[in-house]
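Peer 1: Quick one, structure for this:
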Amino acid sequence: MSLRSVIALLLLTGALSACDRQSAPKEQANGSAEITADEVAPDEVKDSAAGDGEGAFKYTLDRSKAGTPAPDYAFVSPDGGDATLKDFAGKPLLVNLWATWCAPCVAEMPTLDAIAGEYQAQGLQVLTISQDNQGAKQVDPFFAKRKFTHLKAWLDTENRFSLGYGTGMLPTTVLYDAEGKEVARVIGAMDWHSKEAKALIAETL
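Peer 2: Purely as a prediction, here's the structure:
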């Protein structure tokens, strides 16, 4: 059994998925471990539930890794080529990890599409990096159906970002300033139209 298979099996059996509170599909085992208390200090965490009153948007704000340089994980660009976050050096970044099977991820995508357009002139790059193991086979039909104006289909079929960030939850969003340093991460789904979200973006810019 490969190392990746062992890791995926451990994540799948570890806990219920933090994304929409049910296990990921059998072929997609990432994002199934709940975040633990010792991973984020209490004074660095903010819990919030917002949105439609049914908890459509619920997240934890984590600043414990602020100042950490952006990782150099390889992922796949919309044109099928290789990419890393270093390709966006000198630009503020919003990196969103999501999957087609994750209901909270899908719920926040339209708000991410909106802010990608709203802050484009200020240089903010919004990268929605899919953690679907089947890659374009799953993601391309999703994008074709929803017809996003600004978002593009970036792929991480090896789940390097999910494993590297280690939040145990999808969606996870990490903001980086123009120097490539982490500002904060949002663990869970956020309404990116909200005051809290816009304050985070302003801080990133």
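
Peer 1: Strands of the protein, residue ranges please.
Peer 2: 45-50, 57-62, 75-76, 82-83, 93-98, 125-130, 154-155, 172-176, 182-188 (DSSP state E).

Peer 1: Any chance you could list what contacts the fourth one?
Peer 2: Defining contact as Cβ atoms under 8 Å, 6 or more residues apart in numbering, one finds that strand 82-83 is touched by A74, F75, V76, S77, W154. To be clear about C-beta, it is placed using only N, CA and C from the backbone, and glycine gets the same treatment.

Peer 1: hmm, try it at 10 Å
Peer 2: Residues from elsewhere that reach strand 82-83, judged by Cβ atoms under 10 Å, 6 or more residues apart in numbering: Y73, A74, F75, V76, S77, L127, I129, W154, L155, D156.

Peer 1: which residues does the second one contact?
Peer 2: A74 makes contacts with D82, A83, T84, L85, D156, E158, R160, as judged by Cβ under 10 Å, 6+ apart.

Peer 1: Quick check: phi and psi on it?
Peer 2: phi -80, psi 140 (degrees, to the nearest 10).

Peer 1: thinking again about what came up before, now restrict the contacts of A74 to buried residues only.
Peer 2: Using 16 or more other Cβ atoms under 10 Å as the burial test, those include A83, L85, D156, E158, R160 as buried.

Peer 1: so the third one sits right up against Y73, yeah?
Peer 2: In this case it means D156. Yes: with contacts counted by Cβ atoms under 10 Å, D156 reaches Y73, the gap being 7.3 Å.

Peer 1: tell me, what's touching these two both at once?
Peer 2: With Cβ under 10 Å, 6+ apart as the test, D156 and Y73 both reach A83, I129, S162, L163, G164.

Peer 1: For the residues you listed, which entry has the maximal number of neighbours?
Peer 2: In terms of neighbour count, S162 stands highest of the shared contacts of D156 and Y73 at 22 neighbours, by other Cβ atoms under 10 Å.

Peer 1: I figured E203 hits Y176, correct?
Peer 2: No: using Cβ under 10 Å, E203 is not in contact with Y176; the gap is 11.4 Å.

Peer 1: Now do the shared contacts for the two.
Peer 2: P92, V183, A184.

Peer 1: surely the first one meets A178?
Peer 2: Yes: under the contact definition of Cβ under 10 Å, P92 touches A178, with a separation of 5.1 Å.

Peer 1: Find the residues that touch each one of these two.
Peer 2: Joint contacts of P92 and A178 (Cβ under 10 Å, 6+ apart) are G123, L124, T204, L205.
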